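In: Predicted coordinates and the sequence they were generated for:
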Amino acid sequence: MGKSLFGLAFGEAALKYLDRMPPGKIRAQVAKKAKALIYDPHPAGSEKVAGLEYVNEPVWRVYCGDYRILYVIREIEVVVLDIAKREDMDK
């Protein structure tokens, strides 16, 4: 990958979820997808989440298999707010 365009920060909920995931392939894939947002905050399949804002900023989501990554795009950084299985976020 080339030079990043954005910094990356993880919110408390996202870090807790990653910490609870068992080590292995899926956890690594989810972390890699989240980290890739610094190069392209609008990857294929990403969408703005209708009706959801974080501190007056639109929230975006991207899937990684059965997981959703919710994030906001700021001027100089991408903030990963939360990560969870799709069915858990629908509740």
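Out: Cool, got the structure. Just so it is clear, the model here is predicted, and its values are computed rather than measured. Numbers count the residues shown, from 1 in each chain.
In: could you list every residue that touches the residue nearest the centre of the chain?
Out: Centroid-nearest residue in the chain: residue 69, 3.3 Å away (criterion: Cα atoms, centre = their mean). Residue 69 makes contact with 14, 30, 33-34, 37, 61-63, 80, 82-83 under the criterion Cβ atoms under 8 Å, 6 or more residues apart in numbering. To be clear about C-beta, it is placed using only N, CA and C from the backbone, and glycine gets the same treatment.
In: quick one: residue 17 and residue 85 touch, right?
Out: No - checked against Cβ atoms under 8 Å, the pair residue 17 and residue 85 is beyond contact range at 9.3 Å.
In: Have a look at the two and say which one is more surrounded.
Out: residue 17 (21 against 13; other Cβ atoms under 10 Å).
In: Just give the nearest non-adjacent residue to that one, would you?
Out: In this structure, residue 17 finds its nearest non-sequential neighbour in residue 83, 4.5 Å apart by Cβ to Cβ, 6 or more residues apart in numbering.
In: do residue 35 as well
Out: Counting by Cβ to Cβ, 6+ apart, residue 35 lies nearest to residue 8, which is 6.3 Å off, once chain neighbours are set aside.
In: check which helix or strand covers that neighbour.
Out: strand 7-10 (DSSP states H and E).
In: strand partners of that strand, parallel vs antiparallel please.
Out: strand 77-85 (parallel) (DSSP bridges).
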